[in-house]
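Trainee: Quick one: sequence plus predicted model below, questions after.
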Amino acid sequence: MENSLIVLILAAGESKRMKSNHSKVCMKVAGKPMIDWVLNTSLSLEPKSIGVVLGHKMEEVKKTIKEFPVETFVQKKLLGTADAVKSAKSLLERFQDGDVLILYGDVPLISKDTLMNLITKHLEENNSVTILSAQVDDPEGYGRIIRDKQGKFLRIVEEADTTEKEKTITETNSGIYVFKVKKLLKALTEIKNDNAQGEYYLTDVVSLIKGKMGILEIFDPYEVIGINTRAQLAKANEYVRGRINEEFMHNGVEIIDPKNTYIDVDVKIGKDTVIYPMTFITSDTVIGKECSIGPNTLIDRCKISDNVQIRYSVCESAIISEGVSVGPFSHLRPGADLRKDVKIGNFVEVKKSVLSEGTKAGHLSYLGDSTVGKKVNVGAGTITCNYDGIRKNKTFIGDNAFIGSNTALVAPVSIGRGSLIGAGSVITKDVPENTLALGRARQINKVGWVKHENKEEEQNDR
Ligand code: UD1
Ligand code: CA
C-alpha cells in the first residue's frame with residue numbers, strides 16, 4: 001500500500017449499550033475478538049504504523065491484542081471519538097506528511113478490498129478527507145450523511161442530534177475515514193462539544209477540514225455494521241457464520257443444516273467431510289477429509305485427521321488420528337491423543353492420555369494421565385484412579401492388554417503387555433507381561449442357603 005499510510009483504531013469506548021463488564025471490542029464474532037478482525041485487516045494494508053487508542057477496560061484489550069505489532073495510546077477521559085484521535089497526537093505528528101486511515105474497534109467486518117478502494121479514491125482525488133458511507137436498511141443508531149439538493153456532502157449528524165426528517169436518511173457514516181494527517185491535526189484544535197451528548201465528535205472534524213473531501217458510498221450493509229448492542233453482535237455473528245458455512249460448502253464440505261452449524265473463522269475442514277446439525281467447531285480446529293462430525297458435538301482447538309467419526313461428543317484440545325471413532329457421548333479433554341483406529345464410546349472421558357493404534361474403550365470409562373498401548377481392550381467401567389488427593393499419577397498399559405470390566409487402576413501403576421485383568425479388580429501393584437491379575441474378593445457360593453417358604457407367592461411378587 002501507499003508508503004505514507006498509518007492506521008489508527010479507536011477502541012477506548014465504554015460499551016454502555018452492551019451492558020457488560022467487559023470491553024466490547026474483545027467480544028467475539030465467529031470466535032475472534034472484534035478488535036482482532038480490525039487489526040488483521042489493518043495489517044493486510046501494510047501501513048507504516050498501527051495505533052490503537054485504549055481507555056475503558058484497557059488491560060483486557062491490551063491482553064487481547066498483545067500479539068499484534070501496534071502502538072497503544074491511552075485516552076484518559078472518554079470525551080468522544082475526536083478526543084480519542086487526539087490521544088494519539090504523537091503518532092499523527094510523527095507521520096504528519098502522510099495519510100491516516102481511522103477505523104473503529106466496533107466495526108469489525110470491513111474488508112480489505114473496500115479499504116483499498118477508499119484509500120485509492122482518497123489519493124487519486126487528492127482529498128483532505130474521504131469518508132466511507134453506506135446505504136443501510138435500518139439506519140437507527142448511526143450518524144447520518146447530510147447532503148444538499150445537488151448531492152454535495154454537508155455534514156454528519158449523530159443519531160442523538162437528528163431531526164425527525166433526518167432520521168429517515170438511510171445513508172450512514174461507517175466511522176471509517178482517511179485524512180491527510182496535517183489537515184486532521186489542524187481541525188482537531190477547532191473541535192467543540194456543543195451537541196446532545198456533550199462529546200467531541202470525530203464526525204464534526206470532517207466538516208472542519210479545509211480542502212477537498214470525498215465520499216465512497218457502499219451498498220453492503222454488513223461490512224460496516226457497528227456493534228453497539230447484544231442484538232447487533234448476534235446479527236453480525238449470524239451473518240459471518242453464514243458466510244463461513246457457504247465457503248466451506250463451496251469447497252466441498254457437506255453441511256446438513258447451515259443455520260444450525262457454528263464454525264469459527266479460523267477453522268479448517270477437508271473435502272467430503274459431513275457436518276451434522278447443532279455442531280460447534282471453534283478456535284483453530286483442523287478437521288481432515290471424509291470425516292463425519294455431529295450431530296450435537298462441540299469441538300474446540302482439536303487436530304483431527306481423515307476418516308474420523310465423532311457423534312454427540314465434546315472434544316477439547318485433542319489430537320485425533322485417522323479412522324478414529326468417538327461417541328456417542330464421549331468427552332475428550334486437553335491432551336487426549338487418539339492414534340489410528342482408536343474407538344472411544346459411550347460415556348468415556350479421556351484426559352492427557354495417549355491411546356495407541358487400535359485400542360478400544362467402548363463404555364463408561366475414565367482414562368487420565370495414562371499411556372495405553374496398541375490394541376488394548378479397556379473394559380466397560382475401567383477407571384484410572386490418577387489422583388491421590390495431592391498428585392496426579394500415571395498409568396501405563398502395554399500392547400494387547402485386556403482390562404476386564406469395572407477395573408480400578410490405582411496409579412501409579414503399570415500393566416504389562418498381553419496381560420489380562422479380571423473384571424472388578426482393584427489393581428494397586430504393577431502387573432508383569434502376559435499375566436492374569438485378579439484383585440477382588442473370591443466368590444463364595446453357599447448352596448441352599450436361601451430358604452423359600454412359598455415359592456409360587458415369591459415369584460408373583462417379583
Ligand atoms: C460512531 C459515529 C457514527 C457512526 C458510527 C458507525 C461518532 C461521533 N459517531 O457512532 O457517526 O455512524 O460510529 O458505527 O464518531 N471510542 C473511543 N473513545 C471515545 C468514544 C468512542 O475510543 O471517547 C471508540 C469506541 O470504542 C468505538 C468507536 O470509538 O470503537 C465508536 O464509538 P461509539 O460510541 O460506538 O460510536 P457510535 O455511537 O457507534
Ligand atoms: Ca459504535
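Mentor: Perfect, I can see it now. Ligands and ions are numbered 1, 2, ... in the order given.

Trainee: Roughly how far does the spatially most central residue of the chain sit from S283?
Mentor: In the chain, the residue lying closest to the centroid (CA atoms, centre = their mean) is G31, at 1.9 Å. For G31, the distance to S283 (CB to CB, to the nearest Å) stands at 6 Å. Every residue, glycine included, has its C-beta placed from N, CA and C.

Trainee: which residues do the two both contact?
Mentor: Common neighbours of G31 and S283 (criterion: CB atoms under 8 Å, 6 or more residues apart in numbering): 264, 266-267.

Trainee: where does the stretch 1-150 of the chain have low pLDDT?
Mentor: 1-3 (pLDDT under 70).

Trainee: Could I get the full set of strands for it?
Mentor: 5-11, 28-29, 32-33, 49-54, 71-74, 99-104, 129-135, 144-147 (DSSP state E, counting those that start in this stretch).

Trainee: Would you give the sheet partners of the fourth one, along with the direction of each?
Mentor: The one in question is strand 49-54. Here strand 49-54 is paired, per DSSP bridges, with strand 5-11 (parallel), strand 71-74 (parallel).

Trainee: List the buried residues in the last one.
Mentor: For strand 71-74, the buried set under the neighbour-count rule, 16 or more other CB atoms under 10 Å, comprises 72-73.

Trainee: sorry, back to before: quick one: which of the shared contacts of G31 and S283 is nearest K180?
Mentor: Using CB to CB, D266 comes nearest to K180 of these, at 36.1 Å.

Trainee: Just checking the longest strand seen in the chain against ligand 2, any contact.
Mentor: In the chain, with assignment by DSSP state E, the single longest strand is strand 171-180. No. Strand 171-180 stays clear of ligand 2 (CB under 5 Å from the ion), getting no nearer than 6.6 Å.

Trainee: next helix or strand past that strand?
Mentor: helix 181-188 (DSSP states H and E).

Trainee: Could I get the CA-only coordinates of that following helix as PDB?
Mentor: Extracted in PDB, the C-alpha atoms of helix 181-188 (Å, rounded to 0.1, in the frame of the first residue of the first chain):
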ATOM      1  CA  VAL A 181      -2.700  13.900   8.800                       C
ATOM      2  CA  LYS A 182      -1.800  17.600   8.700                       C
ATOM      3  CA  LYS A 183      -5.400  18.700   8.000                       C
ATOM      4  CA  LEU A 184      -6.700  16.400  10.700                       C
ATOM      5  CA  LEU A 185      -4.300  17.800  13.300                       C
ATOM      6  CA  LYS A 186      -5.400  21.300  12.400                       C
ATOM      7  CA  ALA A 187      -9.100  20.600  12.600                       C
ATOM      8  CA  LEU A 188      -8.800  18.800  15.900                       C
END
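
Trainee: Okay, buried residues for that helix please.
Mentor: 181-188.

Trainee: The residues you listed: which ones sit near ligand 1?
Mentor: When CB under 6 Å from any ligand atom is applied, no member of those is adjacent to ligand 1.

Trainee: Put together a markdown table for these, with distance to ligand 2 on each row.
Mentor: Converted to a markdown table, these look like this (distance: CB to the ion, whole Å):
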| residue | distance to ligand 2 |
| --- | --- |
| V181 | 24 |
| K182 | 27 |
| K183 | 24 |
| L184 | 20 |
| L185 | 24 |
| K186 | 26 |
| A187 | 21 |
| L188 | 20 |
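
Trainee: Pick out whichever of those residues sits closest to R417.
Mentor: V181 (71.7 Å).

Trainee: ok, now which ones touch the closest one?
Mentor: With CB under 8 Å, 6+ apart, V181 has these contacts: 6, 92, 95-100.

Trainee: For I146, which non-adjacent residue is closest in space?
Mentor: L154 (4.6 Å; CB to CB, 6 or more residues apart in numbering).
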